[in-house]
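A.B. asks: sequence plus predicted model, see below.
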Amino acid sequence: MNCYGAKDLAAAFRTVRKNTIIIAEEINESKYSFQPAKDTRTVAQQLVHIAMIPRIQLQIHAVEKLSTLAGFNFIEFVGPLKAEEQKPRSKADIVALLKESSDQFAGWVETLSDDFLAERMAMPPGMHPDSKSRFEMLLGTKEHEMHHRAQLMLIQRLIGIVPHLTREFQARVAAMQASKS
């Protein structure tokens, strides 16, 4: 029995993306060109990267319906996505891209069967492990976004913003302390 299915995965992805969108909305557009260190993405590039990444899983699982990644040319597929990160976009365009990407990916994920999610995908030769379930691969999309969202939260601190999740936690702690008094 699978206790965590497609609808749960889609809902969890939507929650992660909702929090990413809040960060995107809280950062002033004048800071979208902020680059925290040499050879890192700007805020805008990071947000576009986050919006583009689900396309890889959609290509593998929905479009090509691959059963193995042997022969899948990541470099060829990711090249145009990296080029998209470099295009100038307004804050409104980036937020819209994040929302559209979320709707497309989560909308597709929630339709998947437990059998589909359980299917094993062979990894390219030499990789360890040598296979992963489709579920694990799709979960990786959410994990990847959370990795980059953590970077954005640190960037928020660097530009003088306390991240919303921190503010919400601080408010809960303050309310608990106030209720004890």
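C.D. replies: Structure's in. What do you need? Numbers count the residues shown, from 1 in each chain.

A.B. asks: can I assume residue 56 is in contact with residue 78?
C.D. replies: Yes. Using C-beta atoms under 8 Å, residue 56 is in contact with residue 78, at 7.1 Å. Backbone N, C-alpha and C define where each C-beta goes, glycine included.

A.B. asks: which phi and psi does residue 79 have?
C.D. replies: When read as degrees, to the nearest 10, the backbone of residue 79 gives phi -50, psi -50.

A.B. asks: okay, now it: neighbour count?
C.D. replies: 11 (other C-beta atoms under 10 Å).

A.B. asks: ok so, going back, more neighbours, residue 56 and residue 78?
C.D. replies: Per other C-beta under 10 Å, whichever of residue 56 and residue 78 has more neighbours is residue 56, with 18 against 14.

A.B. asks: list the contacts for that one?
C.D. replies: 74, 77-78, 81, 141 (C-beta atoms under 8 Å, 6 or more residues apart in numbering).

A.B. asks: just residue 162 next, same as before
C.D. replies: Contacts of residue 162 by C-beta under 8 Å, 6+ apart are 156, 170.

A.B. asks: for residue 41, see how far away it is.
C.D. replies: Plainly put, residue 162 is 22 Å away from residue 41 if you go by C-beta to C-beta, to the nearest Å.

A.B. asks: list the contacts of residue 156.
C.D. replies: 23, 26-27, 162-163.

A.B. asks: neighbour-wise, which one of those residues leads?
C.D. replies: Going by other C-beta under 10 Å, residue 23 tops the contacts of residue 156 with 22 neighbours.

A.B. asks: and the residue nearest the centre of the chain, what element?
C.D. replies: In the chain, the centroid-proximal residue (C-alpha atoms, centre = their mean) is residue 145; its distance is 2.7 Å. Counting by DSSP states H and E, the element that carries residue 145 is helix 134-158.

A.B. asks: pLDDT averaged over that helix - what is it?
C.D. replies: Mean pLDDT, computed over helix 134-158, is 97.

A.B. asks: pull the distance from it to the chain's centre.
C.D. replies: 5 Å (C-alpha atoms, centre = their mean, to the nearest Å).

A.B. asks: quick check: next helix or strand after it?
C.D. replies: helix 164-180.

A.B. asks: distance from the chain centre to that following helix, please.
C.D. replies: 27 Å.

A.B. asks: tell me the helices and strands packed up against that helix.
C.D. replies: Contact here means 3 or more C-beta pairs under 8 Å, 6 or more residues apart in numbering; DSSP states H and E; on that basis helix 164-180 packs against helix 6-26.
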